[in-house]
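Novice: Pasting the sequence and the predicted coordinates here, then a few questions.
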Amino acid sequence: MKRILLIDDDPVFLSSLSKFFTDEGWHVLQAQDGEAGLNLAAQHLPETIVCDLHMPRSNGFQVCRSIRCHQDALGKAKIVVTTSSQYPTDRQNALEAGADEYLVKPVNGPELLKILERFQKTNAVETSVSASPVSSKGQGTKLRFWGVRGSLPTPGPTTVHYGGNTSCVEVRADGELIILDAGTGIRSLGLQLASEFKDKPLNVTLLISHTHWDHIQGFPFFAPAYNPRNSLRVLAYEGARRGLEATLAIQMESPYFPISMQQMPGNITVQELKDLSFKIGEVRVEASFVNHPGVCVGYRLFTREGSIAYVPDNELFQRLKAQNTEGSAHDIESVQDFARRQDQKLIKFIHGADVLIVDSQYDADEYPQHVGWGHSCADDSVALAASAEVKRVFLFHHDPSHGDAKISQMLARARDLAARLGGKLQVEAAREGGEVDLM
């Protein structure tokens, strides 16, 4: 039996719609405020939700956002927002929050039923073609680098081999398309996705490590965000001064950009994460706060074929504290103890990862001039990976002043160090277009 949840604080409207859909053979659930409605939705997973815009205890916008945060069947429910408001901005905001339809009251049962039947036909068409970028969950986890540079893009003849775009990594795993950071590399990724999937709807999750510009500046140029058939979830932790959505939107305000974030026609939801463990479909994600200015995290994705740790910006504590240690022998020992404990947390976080993508912006000679900048040297990154028994490490977040020759020199030194440390650690330098398969 088809289930519909009606959320409205108008008892007359609620009663009339309930009777109509019951007579039509639907199982009807009712709630008179948003909070009660969300509780019923979580318990019964209705295929359709009709909610009023102006309600106590979670309004219609909040209901839409809460529903769309779910990765199970509830998150796929069709939502119709009803309201007495005729303001165009309310309609736009409701659709941006995740509503599938927006109706101005009075609304009658037959009118609403036609809309729901249209939803069913659309679902049937969309189910016939895969909406997921990964056509089979048995094809393995695939990773591709689209931007590997730190700080700012560096196009030119000296960066052709490793690339000049800022941080962006694509991961396809367990039926999910996950993007790590939205640096300038996300533009090329977006164009490739638009060409690959054409009119097929895309469901994309974007994980942002932090909102420094080199990790979000490509977002306004991500083509799938302009297709209303696509759904894009943006997840990150709240910044130091402004919320996540405000930070993303500010860089698109006039006079910086011709189109505001609110005008992007794709179905975009922005969520500030609270917990350090969550799931994207069947992919388990762990996060860990790292040592970098502001609020910055590393992510670890656990897939059926293995795990990927992504720590693009981080300054290891031991070398940082060693460069800044002053005072008595006891004070120095206390500081060094603290630094070891902090780095040990990161070692635990990445331990045993199949792939580690890690900040390696400087070499050992450069680092003393950049102490406290929030980035590590390649020697420390290799030692970290070896201590954590990582299988394969990619030096990442290349300095904008480093050309291809310099990065290749750093890679050769890193491989030599890995060999001297023993073990089977494979060391690579991240390169645009480089792909990794976890089978």
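Specialist: Structure received. Numbering: from 1, shown residues only.

Novice: all strands of the stretch 1-150 of the chain, in order?
Specialist: For the stretch 1-150 of the chain, the strands defined by DSSP state E, counting those that start in this stretch cover 3-7, 27-31, 48-52, 78-83, 101-104, 141-147.

Novice: Residues in contact with the longest one: which ones?
Specialist: Taking contacts as CB atoms under 8 Å, 6 or more residues apart in numbering, the residues outside strand 141-147 that touch it are 163, 165-174, 181, 183-186, 188-189, 218, 303-306, 308, 355, 394, 430-438. Quick note: C-beta positions are derived from backbone N, CA and C, even for glycine.

Novice: and the next element down the chain from it?
Specialist: For strand 141-147, the succeeding helix or strand toward the C-terminus, using DSSP states H and E, is strand 168-173.

Novice: Okay, now the sheet partners of the helix or strand following that next one, with direction.
Specialist: Sequence-wise, the next helix or strand downstream of strand 168-173 (DSSP H and E) is strand 176-180. With DSSP bridges as the test, strand 176-180 is paired with strand 168-173 (antiparallel), strand 203-207 (parallel).

Novice: Taking their axis directions, the longest one and strand 141-147 sit at what angle?
Specialist: Here the directions of strand 168-173 and strand 141-147 differ by 170 degrees (axes from the mean of the first three to the mean of the last three CA atoms, to 10 degrees).

Novice: helices and strands of the chain: which one has the lowest mean pLDDT?
Specialist: Lowest by mean pLDDT, DSSP states H and E among the helices and strands of the chain is helix 317-324, with a mean of 66.

Novice: And stretch 67-83, end to end?
Specialist: Chord length of stretch 67-83, first to last residue, is 18 Å (CA to CA, to the nearest Å).

Novice: So for that stretch, mean pLDDT?
Specialist: Averaged over stretch 67-83, pLDDT sits at 85.

Novice: For it, what is the distance to the chain centroid?
Specialist: Stretch 67-83 sits 19 Å away from the centroid of its parent chain (CA atoms, centre = their mean, to the nearest Å).

Novice: List the buried residues in it.
Specialist: Of the residues in stretch 67-83, 67-68, 71, 74-75, 77-83 count as buried by neighbour count, 16 or more other CB atoms under 10 Å.

Novice: Quick one: the strands in the stretch 301-439 of the chain, in order.
Specialist: 306-311, 355-359, 392-396, 426-429, 435-438.

Novice: Can you show me the CA trace of stretch 189-207 as PDB?
Specialist: This file holds the C-alpha atoms of stretch 189-207, laid out as PDB (Å, rounded to 0.1, in the frame of the first residue of the first chain):
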ATOM      1  CA  LEU A 189      35.600  16.800 -13.500                       C
ATOM      2  CA  GLY A 190      32.200  18.500 -14.000                       C
ATOM      3  CA  LEU A 191      32.700  18.800 -17.700                       C
ATOM      4  CA  GLN A 192      33.700  15.100 -18.000                       C
ATOM      5  CA  LEU A 193      30.700  14.000 -15.900                       C
ATOM      6  CA  ALA A 194      28.300  16.100 -18.000                       C
ATOM      7  CA  SER A 195      29.700  14.500 -21.200                       C
ATOM      8  CA  GLU A 196      29.700  11.000 -19.700                       C
ATOM      9  CA  PHE A 197      26.200  10.900 -18.300                       C
ATOM     10  CA  LYS A 198      24.500  13.500 -20.600                       C
ATOM     11  CA  ASP A 199      20.800  13.500 -19.600                       C
ATOM     12  CA  LYS A 200      21.000  10.800 -16.900                       C
ATOM     13  CA  PRO A 201      20.500  12.200 -13.400                       C
ATOM     14  CA  LEU A 202      23.500  12.300 -11.100                       C
ATOM     15  CA  ASN A 203      23.700  12.000  -7.400                       C
ATOM     16  CA  VAL A 204      27.000  13.500  -6.100                       C
ATOM     17  CA  THR A 205      28.400  14.000  -2.600                       C
ATOM     18  CA  LEU A 206      31.000  16.700  -2.200                       C
ATOM     19  CA  LEU A 207      33.200  16.400   1.000                       C
END
